[in-house]
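Participant: Quick one: sequence plus predicted model below, questions after.
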Amino acid sequence: MKTNTLNLWFTRFLALAAVCTLVGCSLFNKVVESISAIEKAQLVDKYEPSEQYYLGRGVSAVILDRYPPIEIKNAQTERQVAYLNDMAGYIERASQSVTRSALRLGDHTERDHDQQQQVYDLALYKGVQVGILDTEDVAAHGTPGGFLWLSYGAIKMCESEDELAAVVAHEMSHIILDHGMANYRIAYKSEVRNSTLSDTWFSGSGAVSNFGRLCVTYAEDAFNGYNPEQEFESDNWGTRALTASGYDPNAMVAVLKRVEAYEKAHDVDPKDYLAHHPPITERIKTVQELIKSEGFKVNPASQKPEAVKARNDRFTAAFK
């Protein structure tokens, strides 16, 4: 009980620090204005990149209340975090030219003109930052502002750097395509109030309470999974980002097959899984068709022996 209480207060502290300590007066006032609108049941449709960044810190606090982060206590864990951040930063830069058009990404999601423009305009305040969750569960979460959290379980599921890059690209796409914020807007438009953490986070008054409400709404959506249309769109964007980064686009197929095997091996209730995800077999087929129709090829330079060895050495040194 004492440990849980400490975790609770530590999480609250992180969320508070994200707004009060690090933001600064000017940005804090902006965030207060935004979340005050939420308190009045008004929808905030757009946040500035800096606001999304600090919102992402708050959402990360909720994620870390469920899964502990690894402690960077030696050269190996430091190497792992640095390796993932280098990879994510590279993919983000290489994918700048990848389309964000809902139509070109398979027409899976519906966005009106303003919503599509928000996706086009979305920019990350400080790029992508990756952390590792110290759990063997297969979990991966992206937050507003560019924070990615990958579990050891998800990382160990991968057998190569290309496959790990596929996981990173897929999760990054949920941020780039504004999926979490889109779901948040829908939830508040329909006045959804169904949070298992509400007693903890919605209590109190003022900016911190409202900031907590916003963070939890977003985090719980990430825990529950994105809707099938968003998963298809993320598979599409992620595959394009892999190709643009010089990785093997077929790595996305390989990762989906590993997820399929994991689900079967761990007796996950298909109804629970499919409630938030399209069938894995359908996702695999759709990605394979995308690769074929777009003519995505493995970058010849990345298949040179020295390039393959370099990737294998990096991956092995970090995680094997």
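Facilitator: Arrived safely. Numbers count the residues shown, from 1 in each chain.

Participant: Look at L55 and report its pLDDT.
Facilitator: At L55, the model reports a pLDDT of 84.

Participant: and it, helix, strand or coil?
Facilitator: Taking DSSP: H, G, I helix; E, B strand; the rest coil as the rule, one finds L55 in the helix state.

Participant: who touches the closest residue to it other than its chain neighbours in this structure?
Facilitator: Spatially, and ignoring its direct neighbours in sequence, L55 is nearest to P144 (4.7 Å; C-beta to C-beta, 6 or more residues apart in numbering). Every C-beta, even on glycine, is put in place using the N, C-alpha and C of the backbone. Residues in contact with P144, defined by C-beta atoms under 8 Å, 6 or more residues apart in numbering, are Y47, Q52, Y53, L55, G56, V59, I175, G180, M181, Y218.

Participant: T286 now?
Facilitator: By C-beta under 8 Å, 6+ apart, the neighbours of T286 are G106, F232, D235, N236.

Participant: Tell me if I'm right that the second one and A102 touch.
Facilitator: Put plainly, it is F232. No. The pair F232 / A102 is not scored as a contact, 10.9 Å apart, by C-beta atoms under 8 Å.

Participant: And these two? Which one has more around it.
Facilitator: F232 (23 against 19; other C-beta atoms under 10 Å).

Participant: what's the helix or strand for the more buried one?
Facilitator: helix 228-244 (DSSP states H and E).

Participant: Which strands and helices lie in contact with that helix?
Facilitator: When contacts are defined as 3 or more C-beta pairs under 8 Å, 6 or more residues apart in numbering; DSSP states H and E, helix 228-244 packs onto helix 75-94, helix 161-176, helix 179-189, helix 250-265, helix 280-294.

Participant: from the chain's centre, how far out does that helix sit?
Facilitator: Distance of helix 228-244 from its chain centroid, counting by C-alpha atoms, centre = their mean, to the nearest Å, is 13 Å.
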